[in-house]
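Undergrad: Sequence first, predicted coordinates after that:
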Amino acid sequence: MPLYSEMTKEQLEREMAKLQQEGQQAYDEQDWPRYAVAMQKWYLAKSYLIQDQVRIELGRTYDLAEEPDRLTITRVNGVMAWGIRMSDGTEIAVPLAMLVPPA
C-alpha cells in the first residue's frame, strides 16, 4: 500500500471511505481503541487531500474535531499542525483536517 503522501485524490477518497466504514464498525461494537485509530488515520488521509486548500494561521486558536478542546497553533509541518492544547498546556501535533476554525 502506498503512503498517503503518494496517493492520488481518488486513492485517498477510497481510503477515507474504507476508514470511515472501519470506524463505524468499531463504534457500533464500542471498540474505542480501534475507533480512535481509524479516525486518526481518516483525519490524516483527509489532511493530504485538503493540504493545498487549507490556510492555517500561526498564533490562532482552533477547535479540535471530535475533542472538547482547542489548540493554539505554533507551527505547521506538512500536513501536521503543532500547537499548545488549551486544556493542559501541552504541545501536541494534529492532522490539519482536525482543525476547526472557531465560529
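TA: The structure has been received and is ready for your questions.

Undergrad: measure the spatially most distant residue from the centre of the chain to residue 8 for me?
TA: The centre of the chain is farthest from one residue, residue 29, which by C-alpha atoms, centre = their mean lies 22.5 Å away. Relative to residue 8, residue 29 is positioned 31 Å away (C-beta to C-beta, to the nearest Å). Yep, even glycine has a C-beta here, placed from its N, CA and C like the rest.

Undergrad: Would you map the helices across this protein?
TA: Assigned by DSSP state H, the helices in the chain fall at 9-28, 32-50.

Undergrad: any idea which of the ones you listed is most buried?
TA: helix 32-50 (a mean of 18; mean count of other C-beta atoms under 10 Å).

Undergrad: For that one, C-alpha coordinates in CSV please.
TA: In CSV, the C-alpha atoms belonging to helix 32-50 read as follows (Å, rounded to 0.1, in the frame of the first residue of the first chain):
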residue,chain,number,x,y,z
TRP,A,32,-12.9,2.6,21.3
PRO,A,33,-9.2,2.0,20.7
ARG,A,34,-9.9,0.7,17.2
TYR,A,35,-12.3,3.6,16.6
ALA,A,36,-9.7,6.1,17.6
VAL,A,37,-7.1,4.6,15.3
ALA,A,38,-9.5,4.5,12.3
MET,A,39,-10.5,8.1,12.9
GLN,A,40,-6.9,9.3,13.3
LYS,A,41,-6.0,7.6,10.0
TRP,A,42,-9.1,9.2,8.4
TYR,A,43,-8.1,12.7,9.5
LEU,A,44,-4.5,12.1,8.3
ALA,A,45,-5.8,11.0,4.8
LYS,A,46,-8.2,13.9,4.7
SER,A,47,-5.3,16.3,5.5
TYR,A,48,-3.4,15.1,2.5
LEU,A,49,-6.5,15.6,0.4
ILE,A,50,-7.0,19.2,1.6
